[in-house]
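Participant: following is a predicted model, sequence given first.
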Amino acid sequence: MKMIKILFYSLLILLILNGCSSNEVKETEDLFQFKNSYVGDAGAVGNITMKLPKPNGEKISGLELETTEEPYGIIVNYSSTEENEPIEVNYNELALFNATFIFSLVQNADWVKFNFVEQEFKISREELQNFYGKDIREFDNEEELSKFIQENLADETRVTQFYNERT
């Protein structure tokens, strides 16, 4: 009987410890739980930016929220990781993808700047709205928005034109 109690308590402790260390819930969180956030909400903006794709070999090293006067903006700074392998990154597409998510979730963001290790991009909400021809705030789930973005990024000529018209 004593052996059964010890076995039972051991199993109970293992189950409790396993439940406490599970990270699956955090990994499957939907970015759209942060929809209608504001630039001044550092927690929400930080969560959004941390979940967006990063260039291989780079990590987010800082986040600046420009909230003192309009237009409000977000600056995302990146730095190199320990990876030594050179990996080709399409920064143009990555910046458009990440900016689209930020503008669809953060309602008062007027511009976003990405300071990647290799390149820097500043994109305004207005420029992105013109690129898509649609208000990206209308999306209400991650899957639909990702599909919409990928369809638009598939046209490399349009992506190139987007950046050429801005310079």
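Facilitator: Now that the structure is in, tell me what you want to look at. Residues are numbered from 1 along each chain as shown.
Participant: who touches the residue nearest to the spatial centre of the chain in this structure?
Facilitator: Nearest residue to the geometric centre of the chain (C-alpha atoms, centre = their mean): L52, 2.4 Å. Contact partners of L52, counting by C-beta atoms under 8 Å, 6 or more residues apart in numbering, are L31, F97, N98, F101, I102. Every residue, glycine included, has its C-beta placed from N, CA and C.
Participant: one more time with 7 Å, if that's ok
Facilitator: N98, F101 (C-beta atoms under 7 Å, 6 or more residues apart in numbering).
Participant: from N164, how far off is it?
Facilitator: 25 Å (C-beta to C-beta, to the nearest Å).
Participant: what does T49 give?
Facilitator: 27 Å.
Participant: who's more crowded, the two?
Facilitator: More crowded of T49 and N164, by other C-beta atoms under 10 Å: T49, with 19 against 8.
Participant: that one sits in which helix or strand?
Facilitator: T49 is part of helix 42-51 when elements are defined by DSSP states H and E.
Participant: and after that helix, which helix or strand comes next?
Facilitator: According to DSSP H and E, the helix or strand after helix 42-51 is strand 58-66.
Participant: name the nearest residue to V39, sequence neighbours excluded.
Facilitator: Y72 (4.3 Å; C-beta to C-beta, 6 or more residues apart in numbering).
Participant: wait, what's in contact with that neighbour?
Facilitator: V39, E66, N108, A109, D110.
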